[in-house]
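1. Return atomic coordinates for the entry below.
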Amino acid sequence: MTIDIWTWEQTFQELIQEAKPWATWTLKLDGNLQLDCPAQGWKQYQQRAFGWFRCSSCQRSWASAQVKILCHTCWNHWTSQGQVHVRVFGQRCQKCTWSQYEIPEFSSDSTTRILSNLVQHILEKYYRNGVRKSSEMPVIPEVPLDGSHDTANCEACTLGVCGQGLKSYMTKPSKSPLCHLNIRSSSPGVGVYIPNQAKNPLAGAKEAKGSQYEKSGPSDGSDPSVIFVIILLFVFIVVKCFTSE
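-> Now for the predicted structure:
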């Protein structure tokens with residue numbers, strides 16, 4: 001499945017022009033967007049949506065209300081021109097062993113809901129000084145859904161983007177310049193997650209200091225409890241001697 005980008009662009013232009021007729025905005029799909037790594041001057045926006053998937057191997061289809069969408073937005077105040085890059089994360093088939101991440105399709109209602117929320121984000125961040133006049137449109141399942149979110153086959157969960165993801169992948173990405181590298185993969189929409197394994201040197205110093213404190217003891221190596229027992233035995237022997245006399 002592929003997203004109907006022409007429909008997305010047309011709907012997006014209708015919504016943004018209705019709100020800001022003189023502004024010029026462009027929208028495009030970008031399968032290399034990474035969480036918490038917008039380029040300088042760009043803002044990040046995330047939302048969930050309802051979408052339909054079809055396995056390219058076995059043709060099995062399924063629906064999900066946990067489709068994660070990541071957007072990066074940028075606006076030039078002087079030219080009144082803005083850009084939106086969108087990444088839609090895929091899901092894999094539960095039945096196929098070597099299934100790939102499939103890109104979902106969206107109904108017209110779901111597409112309008114997604115882009116309406118995006119336009120409200122743009123208006124809030126670039127035209128209303130952070131004031132949001134209307135609440136975000138919620139996800140509405142188009143069919144009854146059974147079971148919980150399949151985190152094992154969700155691309156967003158695997159990359160640490162989805163709020164439903166595994167805790168082991170929820171480490172906040174580093175703010176180093178490496179996060180702005182253009183990491184490309186063999187298939188569009190699939191990113192690369194590099195866990196941050198560097199240990200905090202301050203935490204390590206505190207841990208070492210605590211270990212030394214726990215291991216330290218009396219300088220002569222004697223145990224106070226043993227000395228106390230010896231004194232009690234001595235007193236007992238003395239008392240016993242006087243009693244026997």
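2. CA atoms for contacts and neighbours, from now on please.
-> Fine.
3. Q81 is in contact with W75, correct?
-> Yes - when contacts are counted by CA atoms under 8 Å, W75 is listed as touching Q81 (5.8 Å).
4. Let me know the secondary structure of the residue lying closest to F12 once chain neighbours are set aside.
-> Of all residues not flanking F12 in the chain, L115 sits nearest, at 5.9 Å (CA to CA, 6 or more residues apart in numbering). At L115 the chain is in helix, as set by DSSP: H, G, I helix; E, B strand; the rest coil.
5. My guess is L115 contacts Q13. True?
-> No - using CA under 8 Å, L115 is not in contact with Q13, being 9.6 Å away.
6. Could you pull up the residues touching the residue nearest to F12?
-> 8, 11-12, 15 (CA atoms under 8 Å, 6 or more residues apart in numbering).
7. returning to that earlier point: who's more crowded, W75 and Q81?
-> Using other CA atoms under 10 Å, the more surrounded residue of W75 and Q81 is W75, with 20 against 14.
8. for the strand or helix carrying the more buried one, packing partners?
-> Using DSSP states H and E, W75 sits in strand 61-76. For strand 61-76, the packing partners by 3 or more CA pairs under 8 Å, 6 or more residues apart in numbering; DSSP states H and E come out as strand 43-54, strand 81-88.
9. how about 10 Å then?
-> The elements that strand 61-76 packs onto, with contact taken as 3 or more CA pairs under 10 Å, 6 or more residues apart in numbering; DSSP states H and E, are strand 24-29, strand 43-54, strand 81-88, helix 108-126, helix 155-158.
10. what distance separates the fourth one from the centre of its chain?
-> A distance of 21 Å separates the C-alpha centroid of helix 108-126 from that of its chain, computed with CA atoms, centre = their mean, to the nearest Å.
11. From the contacts of L115, pick the one nearest V88.
-> Proximity of the contacts of L115 to V88 (CA to CA) peaks at W8, which lies at 12.4 Å.
12. Tell me where the model's unsure across the protein.
-> When residues are selected by pLDDT under 70, those of the chain lie in 1, 163-226, 239-245.
13. follow-up on the earlier one: tell me which of the helices and strands packed on strand 61-76 sits nearest to I140.
-> Proximity to I140 (CA to CA) singles out strand 43-54 among the helices and strands packed on strand 61-76, at 6.8 Å.
14. That closest one to strand 81-88, inter-axis angle?
-> Computed with axes from the mean of the first three to the mean of the last three CA atoms, to 10 degrees, the direction of strand 43-54 lies at 40 degrees from that of strand 81-88.
15. With just CA atoms, put strand 43-54 into PDB.
-> Provided in PDB are the C-alpha atoms of strand 43-54 (Å, rounded to 0.1, in the frame of the first residue of the first chain):
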ATOM      1  CA  LYS A  43       9.400  22.100  15.000                       C
ATOM      2  CA  GLN A  44       8.100  18.600  15.700                       C
ATOM      3  CA  TYR A  45       4.600  17.400  15.900                       C
ATOM      4  CA  GLN A  46       3.200  13.800  16.500                       C
ATOM      5  CA  GLN A  47      -0.200  12.300  16.300                       C
ATOM      6  CA  ARG A  48      -1.900   8.900  16.100                       C
ATOM      7  CA  ALA A  49      -4.400   7.900  13.400                       C
ATOM      8  CA  PHE A  50      -6.600   5.000  12.200                       C
ATOM      9  CA  GLY A  51      -5.300   3.200   9.100                       C
ATOM     10  CA  TRP A  52      -5.600   0.100   7.000                       C
ATOM     11  CA  PHE A  53      -2.700  -2.300   6.200                       C
ATOM     12  CA  ARG A  54      -2.300  -5.100   3.600                       C
END
